[in-house]
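Student: Mind folding the following:
(one chain, ligands or ions: 1)
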Amino acid sequence: MAEPTVVVVGGGLAGIAAALRAADRGCAVTLLESRPRLGGAAFSFRRGELTVDNGQHVFLRCCAAYRWFLDRVGGTELTTLQDRLDIPVLAPGGRSGRLRRTSGVPAPAHLTAALAGYRLLSVADRARAVRGAVALRLLNPADPSLDRRTLGEYLRRHGQNDATIAALWGIVATATLNLGPDDASLALAAKVFRTGLLDSAAAADIGHATAPLGELHSVAAGAALAGAGVAVTLGARVETVGGGPVVRFRADGSVREVRPDAVVLAVPPRELFALAPALSGTAAAPARQLQTAPIVNVHVVYDRPVTDLPFAAGVGTPVQWVFDRTESSGLRRSRPGGQYLAVTVSAADDLIDVPARAIVDRFVAALAELFPRARRAEVLDAFVTRERHATFRQAAGTAPLRPGPDSGLPGVALAGAWTATGWPDTMESAVRSGVAAAQHILGVASSDLVEFAA
Ligand SMILES: Cc1cc2nc3c(=O)[nH]c(=O)nc-3n(C[C@H](O)[C@H](O)[C@H](O)COP(=O)(O)OP(=O)(O)OC[C@H]3O[C@@H](n4cnc5c(N)ncnc54)[C@H](O)[C@@H]3O)c2cc1C
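Tutor: Numbering: from 1, shown residues only. A predicted model of the protein is given here:
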């Protein structure tokens, strides 16, 4: 019998994962990506001598699917993962704290010492924070009623105040949900805090790429796809997906048509319904209502080192998170002695339309407040990257808008970090969704996901 033919539309992490999984299971897979590169929302570009990530991406030890993906594409060596969670937290005026888990201590006691010694909160607020952790641990992320509430409302109901929300819970929630605690879905927050922080001691150890994202998600992933026999066509914009299924796409100036056995649509919702209007009549239709939320990154290149920290979170400053990208960007080679910091601002609705000059001025000043050495350093380059549709807007009430892999159309599966994976819109969710979509079209039982156990 001929091997089943599968077309995957979209070469982000979801599409790549779906393609690899289907090819590994014996399908003849074609992947169509409209851009000239793979990697979707997590990519790099050149700026002079630098290789710049569009936005800093981190993962946690509990991200079993993304770590499977890294292994599958031979990319684990291009990342680093902490031995134990350790987040330096900086505030203006030289104040700082540290959120570090205690080695060898099981959850949730692994964070007790960190909270007890967290100097960015008063002693009373530290005790309050412990009560908040206990309350968060009571939540079941799978309880549908949680999605109708916000994290902020729940935290306040359980004794948390502005200080603990700003200096503790918000640091984690805003970065992982790309939305402030007062808007974010409590169900997704429960997933983050339980799976990521409170249920297992090692879960929240932080990982990130030590190479440009493009090396991982485009170069290494491209090689893995080729090795698996996947036919990848870049610059191929799919125009319609109709019943059959039949896929019409434009590549090299001409329109082509293919009729595979199955299609995986791994594109964001704002593209999806234009491609396949018939989806408006299926259970996937509510996804049209999903909105998006922006992330802004501010990149600053100094003539000298201004900090020894690999990364830090900020409190009382517009610098939500800052990462040292000196090594991974190639600055170390092109400008020995310089330092490149990338600031991440999530839930950046207030910043997304501000002119670059104003953003740079504000953040160069904010970095100087956090890092005294930056006050004497010369800024060699500073620029802004904006992702207006970085993630879907992970507000209360969005769980029913996220369909599973079954599109409702015969032979067509859905994938994407925005689909119903139980995870926030992250690389982990993207990979899980791709694997689930491949399994859906192959008819493989979900118990096959066992390799993703955290
Ligand atoms: C700045 C930023 C920072 C982030 N930080 C983190 C982080 O720290 N940790 C984390 O886990 N996640 C982070 N994320 C989220 C993460 O990047 C996404 O969840 C994930 O990459 C989404 O993958 P995806 O495959 O679902 O979708 P996408 O990456 O959006 O891929 C969809 C692909 O489909 C293609 N496409 C669309 N229409 C067509 C068409 N008609 N024909 C052919 N191809 C088409 C697109 O070009 C794209 O390549 C961040 C995102 C951004 C933007």
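Student: quick check: domain ranges of this protein?
Tutor: Following automatic domain parsing, the chain resolves into domains at 5-46+212-290+403-452, 100-201, 293-390.
Student: which one of those is the most hemmed in?
Tutor: Counting by mean count of other CB atoms under 10 Å, domain 5-46+212-290+403-452 has the highest mean neighbour count of the domains of the chain, with a mean of 21. Every residue, glycine included, has its C-beta placed from N, CA and C.
Student: nearest residue to residue 369 other than its sequence neighbours?
Tutor: Spatial nearest neighbour of residue 369, chain neighbours left out: residue 92 (4.4 Å); criterion: CB to CB, 6 or more residues apart in numbering.
Student: just to revisit the earlier point, save the domains of the chain as a markdown table, and put in distance to residue 64 and mean pLDDT too.
Tutor: Shown next, in a markdown table, are the domains of the chain (distance: least, CB to CB, whole Å; pLDDT from 0 to 100):
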| stretch | distance to residue 64 | mean pLDDT |
| --- | --- | --- |
| domain 5-46+212-290+403-452 | 4 | 95 |
| domain 100-201 | 10 | 96 |
| domain 293-390 | 22 | 97 |
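Student: Mind telling me what element residue 20 is part of?
Tutor: Applying DSSP states H and E as the criterion places residue 20 in helix 13-24.
Student: How about residue 434, nearest residue that isn't a chain neighbour?
Tutor: Of all residues not flanking residue 434 in the chain, residue 17 sits nearest, at 3.0 Å (CB to CB, 6+ apart).
Student: now residue 322
Tutor: residue 343 is the one closest to residue 322 (CB to CB, 6+ apart), at 4.9 Å.
Student: Now do the helix or strand where residue 434 lies: which elements does it pack against?
Tutor: Element membership for residue 434, per DSSP H and E: helix 427-442. Applying 3 or more CB pairs under 8 Å, 6 or more residues apart in numbering; DSSP states H and E, one finds that helix 427-442 contacts helix 13-24, helix 64-72, strand 262-265, strand 412-414.
Student: Kindly recompute the last result at 10 Å.
Tutor: Judged by 3 or more CB pairs under 10 Å, 6 or more residues apart in numbering; DSSP states H and E, helix 427-442 is in contact with strand 5-9, helix 13-24, strand 58-60, helix 64-72, strand 262-265, strand 412-414.
Student: That one versus helix 64-72: what angle between them?
Tutor: 80 degrees (axes from the mean of the first three to the mean of the last three CA atoms, to 10 degrees).
Student: the inter-axis angle of helix 427-442 versus strand 5-9?
Tutor: When the same axes, to 10 degrees is applied, the directions of helix 427-442 and strand 5-9 differ by 150 degrees.
Student: Would helix 427-442 count as contacting the ligand?
Tutor: Yes - using CB under 6 Å from any ligand atom, we find that helix 427-442 touches the ligand at 427-428, 430.
Student: what's the closest of those to residue 306?
Tutor: Each of the residues of helix 427-442 next to the ligand was checked against residue 306 using CB to CB; the closest is residue 427, at 28.8 Å.
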